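S.K.: Provided below for reference: sequence and predicted model.
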Amino acid sequence: MSDSGYDYEVIIIDDGSPDGTLDAAKQLQKIYGESKIILRPREKKLGLGTAYIHGIKHATGNFILLMDADLSHHPKFISQFIETQKSGNFDVVSGTRYVGSGGVNGWDFKRKLISRGANFLTQLLLRPGASDLTGSFRLYKKDILQKLIESCVSKGYVFQMEMIIRARQLNYTVAEVPITFVDRVYGESKLGVTLITVCSVYSYKLYRIEIEGANSHKLGMLS
């Protein structure tokens, strides 16, 4: 990032994880300085959405890039996110594993099927206009991210999915960048068949909300 010429800061939100994340972050802070590596730990796990809100409060830039800190999301794609955003002044730029040169390394057939299944069900019900809804490698305009978080009601894995759905509902512009997701070397993923069930239930609920909202809008126009 320093060689790229972009002005940046790395904000690390650690929810008391037992894997030594905070200790590693402190070592990075010693190397790169407190102005570049900003640590904002919390005592316990409070959810993904609140972690984003916590990070936004301390971000000084106009754009926020969200990514996994275990290098499943390779930093080499960051410049593509930035250039894509500039090309169309997009509100959101989302990494996709399912278009163009995008892909996944290190997943077995079961995990690929689960991820594909979750995306397929959401595409079928909600037609979100984006190919990868369960990924979390994304670039947002800061004010847009704040509004999206405020509009979301879900927690856990489907939070990422709802962010894209809400972006479409609010007429924000979304672009995609093909990425390669590399499975973590250490630790275990919590991804499981339950994800498809959760995505299915949530997709149906959001679908019903959209239908009811459209009907309410039509009735208002008629009156």
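M.R.: Yep, that arrived.

S.K.: Can you tell me which helix or strand of this protein has the lowest average pLDDT?
M.R.: helix 193-222 (a mean of 52; mean pLDDT, DSSP states H and E).

S.K.: Which residues does the closest residue in space to Ser101 that isn't next to it in sequence form beta bridges with?
M.R.: Of all residues not flanking Ser101 in the chain, Pro178 sits nearest, at 4.5 Å (C-beta to C-beta, 6 or more residues apart in numbering). Backbone N, C-alpha and C define where each C-beta goes, glycine included. Beta-bridge partners of Pro178, counted by DSSP bridges, are Thr96.

S.K.: now Pro178: how far from Ile56?
M.R.: Going from Pro178 to Ile56 by C-beta to C-beta, to the nearest Å gives 27 Å.

S.K.: do the same with Asn62
M.R.: From Asn62 to Ile56 the distance is 12 Å (C-beta to C-beta).

S.K.: what's the overlap in contacts for these two?
M.R.: Overlap of the contact sets of Asn62 and Ile56 (by C-beta atoms under 8 Å, 6 or more residues apart in numbering) consists of Lys142.

S.K.: So for these two, which residue has more residues nearby?
M.R.: Ile56 (16 against 8; other C-beta atoms under 10 Å).

S.K.: where does that one land on pLDDT?
M.R.: We have a pLDDT of 89 for Ile56.

S.K.: hang on, it is in a strand, isn't it?
M.R.: No - secondary structure of Ile56 (DSSP: H, G, I helix; E, B strand; the rest coil): helix, not part of a strand.

S.K.: Surely it and Leu148 touch.
M.R.: No - the pair Ile56 / Leu148 is not scored as a contact, 10.9 Å apart, by C-beta atoms under 8 Å.

S.K.: Report the contact partners of the residue nearest the centre of the chain.
M.R.: The chain has Ser136 as the residue nearest its centroid, 2.8 Å off, counting by C-alpha atoms, centre = their mean. Neighbour list for Ser136: 66-68, 73, 160 [criterion: C-beta under 8 Å, 6+ apart].

S.K.: Next up, identify which helix or strand it is on.
M.R.: Assigned by DSSP states H and E, Ser136 belongs to no helix or strand.

S.K.: How much space separates it from Leu66?
M.R.: 6 Å.

S.K.: quick one, strands of this structure?
M.R.: Assigned by DSSP state E, the chain shows strands spanning 10-12, 37-39, 63-66, 92-96, 103-105, 138-141, 174-178, 180-182.

S.K.: Report all helices and strands that the last one contacts.
M.R.: With contacts defined as 3 or more C-beta pairs under 8 Å, 6 or more residues apart in numbering; DSSP states H and E, strand 180-182 has these neighbours: strand 103-105.

S.K.: Quick one: mean pLDDT for the strand it packs on?
M.R.: 84.

S.K.: chain center to that strand: distance?
M.R.: When distances are taken as C-alpha atoms, centre = their mean, to the nearest Å, strand 103-105 is centred 17 Å away from the chain's centroid.

S.K.: Which residues does that strand contact?
M.R.: Outside strand 103-105, the residues that reach it (C-beta under 8 Å, 6+ apart) are 97, 112, 115, 180-183.

S.K.: show me what contacts Ala130?
M.R.: With contact taken as C-beta under 8 Å, 6+ apart, Ala130 is in contact with 94, 96, 164, 168, 174, 176.

S.K.: Check the spacing between the third one and Gln80 real quick.
M.R.: Okay, so that is Ile164. 18 Å.

S.K.: Ok, the last one next?
M.R.: Distance of Glu176 to Gln80, given as C-beta to C-beta: 10 Å.
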